[in-house]
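**Q** Structure of the sequence below:
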Amino acid sequence: MKIVLTGSIGRINQTLVPKLTHAGHEVTVISHQATRSSLIKVFRATPAIGRLDDEAFLTKTFMGADVVYLMVTGIAASDDLYTAAKRQADIYAAAIKAAGVKRVVNLSSVGADLGPEVGALYMYHIIEQTLTTALPDVDLTFIRPTAMYYNLLSSVPTVKRVIESTQMPIWLLRTCGLRRSTLQLY
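**A** Numbering: from 1, shown residues only. Next comes the predicted model:
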């Protein structure tokens with residue numbers, strides 16, 4: 001099976017790509033960084049270097065794929081989140097349609113079935129609705145994890161800073177059985 005994955009060689013694909021290639025699948029990994037090519041090749045996959053906002057590049061890369069795995073990456077903090085999500089979903093949908101892909105797996109999020117009340121997660125609702133509407137003849141699967149726990153490690157400095165500052169009330173520290181003077185986070 002020919003499989004195209006977005007997400008470069010990030011946390012998900014570092015695990016997924018070796019499993020897919022070991023099972024005999026032909027895997028192409030999209031990355032915007034040419035420096036990732038050698039690592040992608042180590043995993044016995046084919047690198048496709050380009051931008052996720054380049055519809056022509058995606059169409060060419062998706063051509064002949066049995067399955068395409070989509071995720072949203074690289075939305076800048078300065079972007080309007082919902083507009084950026086809609087724009088990326090439109091680009092994905094156009095490339096999938098033009099390439100004739102019939103099976104898509106999209107990494108979404110818990111809350112994607114809800115409305116704007118879920119805050120930033122509403123972007124996944126927009127993406128799901130855009131893909132569903134634009135691709136009625138494509139077999140779509142939406143994966144809605146609650147969280148990627150390995151991403152929590154990036155929060156350690158923030159948690160430490162909050163605990164060590166006056167931002168965390170002393171009653172909350174005591175409730176958790178903590179004291180500022182003895183607290184150590186790694």
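**Q** so L135 touches A93, yeah?
**A** Yes: contact status for L135 versus A93: in contact at 5.7 Å, counting by Cβ atoms under 8 Å. C-beta here means a position set from N, CA and C on the backbone, and glycine is covered the same way.
**Q** Neighbour count: these two, which is higher?
**A** Each of L135 and A93 has its neighbours counted (other Cβ atoms under 10 Å); A93 has more, 21 against 18.
**Q** How much space separates the more buried one from V104?
**A** Going from A93 to V104 by Cβ to Cβ, to the nearest Å gives 9 Å.
**Q** again, but for G10
**A** For G10, the distance to V104 (Cβ to Cβ) stands at 19 Å.
**Q** So which of the two has more stuff around it?
**A** Comparing G10 with V104 by neighbour count (other Cβ under 10 Å), the higher total belongs to V104, at 22 against 17.
**Q** just checking, that one is part of a helix?
**A** No: under DSSP: H, G, I helix; E, B strand; the rest coil, V104 sits outside any helix and is assigned strand.
**Q** so who does it touch?
**A** V104 makes contacts with 67-70, 96, 131, 135, 138-141, as judged by Cβ atoms under 8 Å, 6 or more residues apart in numbering.
**Q** All set now, cheers.
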